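*Asks:* Just need the structure, nothing else, for what follows:
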Amino acid sequence: MTLQLLNNRYHVIRTLGSGGFSETFLAEDTQMPSSRLCVIKQLKPANNNPELYQLVQERFAREAAILEKLGEANSQIPKLYAYLSEGGQFYLVQEWIEGDTLTQLVQKQGKLSESTVKEILISILPVLDYVHGQQIVHRDIKPDNIIIRSSDRVPVLIDFGAVREAMGTTLSSQGNYTSSIVIGTPGFMPSEQAAGRPLYSSDLYSLGLTAIYLLTGKIPQDLTSDPQTGEVIWQQYAPQISDSFAAVLNKAVMSHPKERYYTADEMLAALQGSPRSSQKTISYQQQQQKFSPSPSPSPSPQKSNKGLISSLIIGGFVGVVVVVAFALFSDELFPPNVPDSPDNPTPIQSQNPSPVAKPSSQSALINYYEAINNQQYREAWDLRTPESQNDAEQHPEGYKSFTDWWTQVRRVDILDLDVVGESGDFATVDSELRYLLNSGKTINQSLRFNFIWDNQREEWLLDDVERL
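*Replies:* Coordinates of the predicted model:
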């Protein structure tokens with residue numbers, strides 16, 4: 001930073017760190033009686049295109065507002081004092097947390113004990129539970145981004161990735177605005193995050209590897225993987241760790257998301273020995289109920305929201321191209337007199353069908369949405385017919401188009417099911433569904449599902465969907 005006095009207020013004392021698109025400084029606020037210390041993060045846009053500057057500025061403001069909300073509501077997240085732009089660059093001014101990062105703690109003290117690491121996890125997991133409850137994935141959890149605050153020895157979570165992602169805004173060859181930056185730290189981030197599709201469990205993966213670092217003193221790149229399963233091998237470097245604690249960490253760092261804890265609350269329960277932690281699988285719907293915002297009495301969504309909702313609901317079934325056609329009668333699809341958050345009837349729970357020669361097509365639909373709700377997108381994708389998967393209109397980019405849509409939907413509740421017909425190798429099921437989007441919107445939809453029986457796999461596969 002060339003300026004020693006930013007915004008005629010913040011006097012820079014020294015550099016704290018730097019990265020590809022940002023630098024961090026310690027400064028003092030000259031307009032406060034206490035001259036309080038603060039952290040200034042200088043963010044540099046990845047693209048100097050003047051046409052993109054306004055968009056980057058808007059995204060920066062939006063993400064700064066989220067940081068303000070998080071810091072005000074949780075004492076283990078730094079408060080945001082100010083955000084501003086100057087000289088074509090962007091700045092965040094945040095609370096200075098006096099203390100040591102977990103990296104510094106290990107450098108000073110060496111490997112930490114099981115009880116100490118467990119205490120850190122038990123203290124930081126409720127913070128993640130809150131963050132995820134705001135539909136936010138941190139995306140850069142690592143030892144450098146957790147500070148043990150000197151005043152109370154409580155861990156504080158710093159450096160959320162969303163603001164940095166805004167700096168990477170660029171224009172693709174197709175004319176779409178995307179981010180050129182992958183947020184996360186190699187070794188600490190899982191494969192789905194590296195592919196640009198972070199989940200809540202991605203943060204838990206990173207936290208698990210952070211705990212392993214505290215116990216072993218080794219970063220992920222210094223650890224080996226099982227050649228058959230691909231799972232991290234680390235326990236020989238911490239032989240004193242109890243089997244129960246090792247089991248919690250091993251589950252957190254499983255390579256496939258469906259094998260991990262789905263929520264921070266679930267991982268916390270396992271650490272604390274809650275009866276819930278002994279269950280092999282907890283329903284994703286049950287785990288995510290606490291993340292559901294209360295029904296809002298706000299008026300019908302604006303046109304932009306309606307377009308997004310139409311895309312989300314239709315996109316997972318009949319592809320991007322059909323969304324354009326559906327937009328022509330969006331008033332019919334989402335009548336103005338239907339509130340954003342309708343009364344919530346009790347969802348139908350998964351149940352075993354009566355024993356018959358073939359499993360019920362009804363159970364096939366339940367299994368499909370159970371996979372979606374458990375973020376098992378590959379499993380759900382495999383429950384579709386090859387013709388559906390290869391349909392360029394439904395899925396222009398194949399599996400990527402499928403997951404791009406579904407990662408924007410938090411949960412689907414099945415409210416009603418009716419098997420219209422089931423004869424030979426064909427079946428039709430009508431269903432009333434409730435979609436809870438990551439945006440907080442709740443939408444009901446009536447759809448007809450057509451299934452085809454696969455003799456080789458001996459299961460019903462979803463072929464296409466019609467709106468009722």
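
*Asks:* Kindly report the domain assignment for this protein.
*Replies:* What automatic domain parsing lists as the domains of the chain is 5-95, 99-282, 303-467.

*Asks:* For residue 256, give me its contacts.
*Replies:* Under the criterion of CB atoms under 8 Å, 6 or more residues apart in numbering, residue 256 has no neighbours. Glycine gets a C-beta too; all of them are placed from N, C-alpha and C.

*Asks:* Please write out the alpha-carbon positions of stretch 158-165 in CSV.
*Replies:* Provided in CSV are the C-alpha atoms of stretch 158-165 (Å, rounded to 0.1, in the frame of the first residue of the first chain):
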residue,chain,number,x,y,z
ILE,A,158,-11.2,-14.9,9.9
ASP,A,159,-10.8,-14.3,6.2
PHE,A,160,-14.0,-15.4,4.5
GLY,A,161,-13.5,-16.2,0.8
ALA,A,162,-16.5,-14.6,-0.8
VAL,A,163,-15.1,-11.1,-1.0
ARG,A,164,-12.0,-12.4,-2.7
GLU,A,165,-14.1,-14.3,-5.2
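
*Asks:* Tell me the spatial nearest neighbour of residue 364, not counting adjacent residues.
*Replies:* residue 460 (3.7 Å; CB to CB, 6 or more residues apart in numbering).

*Asks:* Surely the one you found forms part of a strand?
*Replies:* Yes - counting by DSSP: H, G, I helix; E, B strand; the rest coil, residue 460 is part of a strand.

*Asks:* Check the burial of it by counting its neighbours.
*Replies:* Neighbour count for residue 460, taken as other CB atoms under 10 Å: 28.

*Asks:* any chance of the domains of the chain in JSON lines, with mean pLDDT too?
*Replies:* Formatted as JSON lines, the domains of the chain follow (pLDDT from 0 to 100):
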{"stretch": "domain 5-95", "mean pLDDT": "88"}
{"stretch": "domain 99-282", "mean pLDDT": "88"}
{"stretch": "domain 303-467", "mean pLDDT": "70"}
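
*Asks:* quick one: the strands in the stretch 101-250 of the chain?
*Replies:* 146-149, 155-157, 169-171, 177-179, 224-225, 232-233 (DSSP state E, counting those that start in this stretch).

*Asks:* Next, the buried residues of the longest one.
*Replies:* Along strand 146-149, these residues count as buried under the neighbour rule (16 or more other CB atoms under 10 Å): 146-148.

*Asks:* Could you do stretch 73-92 as well?
*Replies:* Residues of stretch 73-92 classed as buried: 74, 76-84, 89-92 (neighbour count, 16+ other CB under 10 Å).

*Asks:* TSV for those residues, including secondary structure and distance to residue 98?
*Replies:* As requested, the buried residues of stretch 73-92 are exported to TSV (DSSP: H, G, I helix; E, B strand; the rest coil; distance: CB to CB, whole Å):
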residue	secondary structure	distance to residue 98
74	coil	18
76	coil	14
77	coil	15
78	coil	11
79	coil	14
80	strand	18
81	strand	16
82	strand	20
83	strand	22
84	strand	24
89	strand	27
90	strand	25
91	strand	21
92	strand	18
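
*Asks:* re earlier: any idea which of the buried residues of strand 146-149 is closest to residue 113?
*Replies:* Nearest to residue 113, judged by CB to CB, of those is residue 148 at 14.3 Å.

*Asks:* Count the neighbours of the closest residue to that closest one other than its chain neighbours for me.
*Replies:* Distances taken as CB to CB, 6+ apart place residue 99 nearest to residue 148, at 5.0 Å, with adjacent residues excluded. Neighbourhood size, residue 99 [other CB under 10 Å]: 18.

*Asks:* Is residue 99 in contact with residue 152, as I believe?
*Replies:* No - with contact defined as CB atoms under 8 Å, residue 99 does not count as touching residue 152 (9.4 Å).

*Asks:* where along the stretch 301-450 of the chain do the helices fall?
*Replies:* Secondary structure of the stretch 301-450 of the chain, counting by DSSP state H, counting those that start in this stretch: helices at 303-327, 330-333, 361-373, 377-381, 386-389, 399-406.

*Asks:* Also the stretch 151-300 of the chain?
*Replies:* Counting by DSSP H, counting those that start in this stretch, the segments of the stretch 151-300 of the chain that form helices are 162-167, 191-194, 200-216, 243-252, 264-271, 284-288.

*Asks:* Could you dump the ones you listed into JSON lines with distance to residue 437 added?
*Replies:* Shown next, in JSON lines, are those (distance: least, CB to CB, whole Å):
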{"stretch": "helix 162-167", "distance to residue 437": "18"}
{"stretch": "helix 191-194", "distance to residue 437": "20"}
{"stretch": "helix 200-216", "distance to residue 437": "15"}
{"stretch": "helix 243-252", "distance to residue 437": "27"}
{"stretch": "helix 264-271", "distance to residue 437": "21"}
{"stretch": "helix 284-288", "distance to residue 437": "12"}
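
*Asks:* Tell me the backbone dihedrals of the residue nearest the centre of the chain, please.
*Replies:* In the chain, the residue lying closest to the centroid (CA atoms, centre = their mean) is residue 199, at 3.3 Å. Phi and psi for residue 199, reported as degrees, to the nearest 10, are phi -120, psi 170.

*Asks:* ok, it touching residue 257?
*Replies:* Yes - contact status for residue 199 versus residue 257: in contact at 5.5 Å, counting by CB under 8 Å.

*Asks:* which residues are common contacts for those two?
*Replies:* Joint contacts of residue 199 and residue 257 (CB under 8 Å, 6+ apart) are 192, 375.

*Asks:* thought residue 25 was touching residue 40?
*Replies:* Yes - the criterion here is CB under 8 Å, and residue 25 meets it with residue 40 at 4.6 Å.

*Asks:* ok so, going back, and the buried residues of strand 146-149, which is closest to residue 392?
*Replies:* residue 146 (45.2 Å).
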